[in-house]
Every structure is written in structure tokens, then in C-alpha cells.
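Asker: structural data only, the sequence is not supplied:
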DNA sequence: TTGAAAGCGATACCAG
DNA sequence: CTGGTATCGCTTTCAA
């Protein structure tokens, strides 16, 4: 059994109140007493129980973060940015991946009971759950998901960069574009798709972009799309993928089939993950770490109570042009 | 204020003991009573406080995982594999990154006070801390770190795959090899370096491998090594890097300088991260997810108390030969 | 089947 | 300065 505050008190010949004062480094304890207590604590290797402390203080000193999956580089980076700031603010971090979990809602509720507040990434739980939590007074920050009610949110710019990307492709001679991804599955993807369409429409040139829906935004899906397209033999001028992993999968499959990129078809992604650089993939860079870090700061403000009116942050993105869509590489900030 | 067990009890006209029984779905409550309690809980939107529950049960139902950094793909994958299994076992997951934190030890101790057990990745904390925690009875599993005392451990095979890699390079005509990485900073790296040296020595051919030490195993360091080497104009036959990120950074810099890989020099990495495929990098694949998943299972056995004698798992790796070291790609299992 | 009451391990107020 | 004690929200005997 681990020693408790009572063991230390007995050993030091003081009351538990005094031990508590010493352990919390609060004022008003005579030096001699403090030393006796510290010595006793040392001898017993005493560490205050976080549980007892948390219950008495009615706070967890921990925040949660909910994400769909950590497998792609995207969420891992966001979580990392989050953790870094949370640690700075002296809060523990609980993580929860909802990927493929049927009982995600229950798990999130459970988690809410262990934290002072949580960050929710993307479409991991329903709006209903978010509203429930908010109504219960749980401090909440949404990331990569449009605001719900007056819940804080942090998002990366999507529409404008999609327009910029589309304009770049138009200027490269693309007239016939195919978007790959599922706008219904993610708000981010929906905005990107909308931006692409808007740009094409506005330009007046080119056909209306087509949409190819996929279930997962991973390499396998990208490869499958490439395979299906090759089968049908109806290559568009460009594939605009909802994220880099899709694009990389597509690229790999096209390459295997001997298709020339960007000669026969251009390919673009989204996120600018590490592999994109090595694949020469044109993409839109998102400040992934910053998304997490910003969310952590907003959440802390809510928990500490510094702020009551909601905030909605929109972080800038950057078009990174590489060889998959052009012969000359460059960057376009947005 | 959130409703407590007492509020529900009052509303349902029963004692808190009965409410507790109902909430824990324990036997021995008449159906009529159960329904009254559930109705009351529903109306008040009552959720049992995890804190109260945990204190009374003296368990956290949460595990921790400590890693240096989540930025590279390696640790992110391990954490993901860990989280997946932990969730299955109905345990929350606390994460802690020690990267660049001066007070890592304190943070780890703090974390230990919030969990029923801990997984420690790599060289994040000193042996002393590990032994302290173990002595205090904290269930512990070490990953990517050699066993300490009778603490459980999970590692990927390193030595044999390093030998296989070296033999592959020897067969490709490499006689003059340079290893890039810091054996002192990581047990894994030390084993790889040792395996490379052993293979060269045993073969009798080639010069003794050289060692180039770097501070961080990231792309920037790899690029720096390439730059320095180009400056000195003493290209070896092959660079064997301690991980893929180093190798990728090196590759990029060599490419920019117009050096032909594998013609002028071969390059290999370790881990098989996603970008390695797109860069055509020869590497050793590690079962990253499996490392985390295995650790989660071992830790659970310790916590539940199913097992007392320590276990040490060694997971297999696989050499993946790509264009950076050969004209023909293939895999060699190990 | 139900309730009263004793913890679990801390914090914090109120006296002295 | 220090100690006694109520309290935090729950679980778990022990009786009734």
C-alpha cells in the first residue's frame, strides 16, 4: 500500500492539514515544521494521491482530445501540437481515437467525465453529443469542424486555398478536373470541393469538375481510384485529391501503369505531409501543429474562465506547387 | 453544478447505495426500484463522477504512455497501436511527450499517479526513474528499450536485421560504409550499429564501417550530413542511416547536388515510414503498431494481476530493398 | 431488497 | 502557525 497523507502526518508528528500545506507549498508553515514533514515524506517516499487531490479540488488538471485516427500524419501532428501546449499549461492529456468504434459517443462521454475540457477533431461525434456536452458546461473546442452553436472552433482556411489551387490548375491548362474525396464525410473536404467548383464556374473555362467519392482518405483508396480510371480509360486533366494520402496512392498506381505525371494527368493533394515532398506532390499546406496548439490555448482560456464569448479561429494555408502539377515549383501563400 | 448521486437518490426516493448499485448494473435491485432510479438519473442527466468512483475503487482505469516526440511517424504509430488495444480493454490513455522538457522525470512521476500502469518508449527517462517506479509497484512496460531488472519489455529485432542489411550491401559491392546516427542516444540505434559492424567484420571484405554522429534523427540532420560530406568530397559507397528521416534528408540533399543514388552512393534507412516508399528508400520495416499493441496487452496482464514473472517480447522486422540500394526491389523477411 | 454509515485521500475553513 | 473536522462523490460492508 502506498503511504497516505495520514502516514506522513503521524510520522512527522503533525496534523494532516499541515502535511497538506507543506505538500502544496502553501505559506504559513514554520520552517522547522516544514522540514520535519518533508523528511517524513521523503522517508516514506510519499507522493500525494492525484485522485484524492482532484476530488477535493474538484478539477482534473487534465484535458482530452478526440480524433478519428492517428494513422495518417495529419492527426498525429495536431495531437502533438496540442500536447506540447497542454504540457506547458501543466495539464495532462487524455487521447481517444474513435476510429471504427461503434460506441464512440459513450467513450467520449466517459472521457468528458475525466477531464476539465476537451478538444474534438473533425467529425468524430455527432452534433447532438457536442451540444449535450456544451450544455452540461464542459469546456469544448472544435477543430477541423464548423462551429456548432457558441462552441469555440479552430479551422484551417479551405475555400480560398481551394480556389487558388483551382486557378493554378486552370492556368496550367486543366479543363477537365476530377475531385477525389467524400465531401459528406468531412466539413473540410466539403469546403475544398466547393472552392474548386466555384473557381471553375467563375473562370468560365473548362467543364464542371466531376466528383469521385471514396470511403477512406487513404492510399489504398487512391490506388483504387487510379485503377478504376485506367480501366475506363477516361483520364481527366487533373485529379484533385482531398488529402495527400489519396493523392500518393493515386500517384503510385499511375506511375506503375506508366502514366506520365504531370504530362498525361496532373495530381494534387492536401495537407503537405512529409511524403508529399518526396513524391513531388502539389498540395495545400495546413498548419497542423498550430491547429492543435491553438485549440489547447483556447480550451485553457475556457477552463480557467478568462473568457466567455466564443472564439473561432481560421488559420492560413499555403499552396505548394511541385512537379505533379507543373514543371516549376513554387509556393503561393494564402 | 452537476448532479451527484445524492440528487438522484433524493429524486428517486432511495438511498445512495441503491443508486450506486443501479449505476454499476450490479445485481440485487428490484426492477421497479431500478426503473425509478434510472428515470431520475435520466431526468437529471446524471453521470457518475469518475473521480468519486476512482477514489472509492482505488483504480484509475487509465494507462499512460511516455514517448520522446510524436513528430516522426514512428512514435505516432506505436501510440496508435497502443491506444487501439487500450480502448478495447476499456482503459483511457494518457500521453506524455518528454521532448525538450527539462522536467521530464517529474512529469512522468506525476503521470504515474494518474494511471494504473505505464508504457515507456525509448530513452525518455533514466533507468533510475524506471527502477523507482517499478519498486513502488507501478506496472511498467518498456518499449524500444532494453530490459531493466524484471520490468517487461517489447522490442523490435535489430541486430539480425542490421546484419542482413549489411550483407545485402556487401553483395551490392559496398566496401566502404558510413553509419549515420547516435548509438549512445538510443539502444535501438546501438544494436543496429553493432550489427552492421559485426557483419562487415565477419565478411572479411570491406573496410571497417565509419560512424557519423548526429544530434537528432530528423531530415535536417540528414541533409547536414550530406552537405558536410559533399564539402569534404569523400563519398562512401553507402550511407546507412539510423532511421528513415535521416536517410530522406540525406537523399534530398544528395539529389539536389546531382549525386546519383544508388550509382554514386547508396542510402538506406530504418522503420519504413510512408515517405520511404515514395523516395525508393531501402529500409528495415518495423512492426510499429504491433509494438504498441503488444505493450498494451502486457501492461494489462500486469495490472489485472494475471502474471508475475516478467516477459520480454522481440518482434520481427523485415528488410525492404528499394532503388536507393539496388536496381531490383524485393523483401527479405527476418 | 434496501439503507445507514464507514471509508477512499486529499483540501480548506474555522478555531485556538 | 497548527489542528480538528467537514467535504468532495462514490463504493462497499453490515444490518435490518
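Answerer: Thanks, I have the structure now. Remember, predicted model here, so these are calculated numbers, not experimental data.
Asker: contacts and neighbour counts: CA atoms only from here.
Answerer: Fine.
Asker: which element, helix or strand, includes the residue of the stretch 151-300 of chain A found nearest DNA strand C?
Answerer: Relative to DNA strand C, the nearest point of the stretch 151-300 of chain A is residue A:300 (18.9 Å; C-alpha to the nearest atom of the strand). For residue A:300, the element it lies in under DSSP states H and E is helix A:288-304.
Asker: what packs against that helix?
Answerer: helix A:73-88, strand A:117-121, strand A:140-143, strand A:152-156 (3 or more C-alpha pairs under 8 Å, 6 or more residues apart in numbering or on different chains; DSSP states H and E).
Asker: identify whichever of the ones you listed lies nearest to residue A:221.
Answerer: Proximity to residue A:221 (C-alpha to C-alpha) singles out helix A:73-88 among the helices and strands packed on helix A:288-304, at 16.6 Å.
Asker: starting at the chain centroid, how far to that closest one?
Answerer: Counting by C-alpha atoms, centre = their mean, to the nearest Å, helix A:73-88 is centred 8 Å from the centre of its parent chain.
Asker: with stretch A:239-254 instead?
Answerer: Counting by C-alpha atoms, centre = their mean, stretch A:239-254 is centred 21 Å from the centre of its parent chain.
Asker: contacts for it, please.
Answerer: Residues outside stretch A:239-254 that contact it (C-alpha atoms under 8 Å, 6 or more residues apart in numbering or on different chains): A:72, A:177-182, A:189, A:192, A:217-227, A:260-261, A:265-273, A:276, A:279, A:281, A:283, B:278.
Asker: repeat for stretch A:46-55
Answerer: Contacts for stretch A:46-55 (C-alpha under 8 Å, 6+ apart): A:2-5, A:8, A:23, A:41, A:60-61, B:51-52, B:54-55, B:113-114.
Asker: now with 10 Å, please.
Answerer: With contacts defined as C-alpha atoms under 10 Å, 6 or more residues apart in numbering or on different chains, stretch A:46-55 is touched by A:2-5, A:7-8, A:19-20, A:23-24, A:38, A:40-41, A:56-61, B:49-56, B:58-60, B:109-115.
Asker: and the end-to-end length of that stretch?
Answerer: The first and final residues of stretch A:46-55 sit 19 Å from each other (C-alpha to C-alpha, to the nearest Å).
Asker: got it, and stretch A:309-319?
Answerer: 33 Å.
Asker: ditto for stretch A:126-145
Answerer: 11 Å.
Asker: can that stretch be said to contact DNA strand D?
Answerer: No. Figure legend: stretch A:126-145 not in contact with DNA strand D (C-alpha under 7 Å from any atom of the strand); closest approach 13.8 Å.
Asker: and that stretch, how far from the chain's centre?
Answerer: Using C-alpha atoms, centre = their mean, the offset of stretch A:126-145 from its chain centre is 15 Å.
Asker: so where's chain A uncertain?
Answerer: Within chain A, the stretches with pLDDT under 70 are A:327-334.
Asker: which residues touch the nearest residue to residue A:264 once chain neighbours are set aside?
Answerer: Setting aside the residues directly before and after it, residue A:264 is nearest to residue A:237 in space (C-alpha to C-alpha, 6 or more residues apart in numbering or on different chains), at 7.3 Å. If you count contacts by C-alpha under 10 Å, 6+ apart, residue A:237 has them with A:169, A:172-178, A:262-267.
Asker: and for residue A:21?
Answerer: For residue A:21, counting by C-alpha under 10 Å, 6+ apart, the contacting residues are A:27-29, A:34, A:37.
Asker: if we go to 6 Å?
Answerer: Taking C-alpha atoms under 6 Å, 6 or more residues apart in numbering or on different chains as the definition of contact, residue A:21 has no neighbours.
Asker: immediately after the helix or strand that it is a member of, which helix or strand?
Answerer: Using DSSP H and E, residue A:21 maps to helix A:16-23. Using DSSP H and E, the helix or strand that follows helix A:16-23 towards the C-terminus is helix A:31-44.
Asker: alright, I will stop here.
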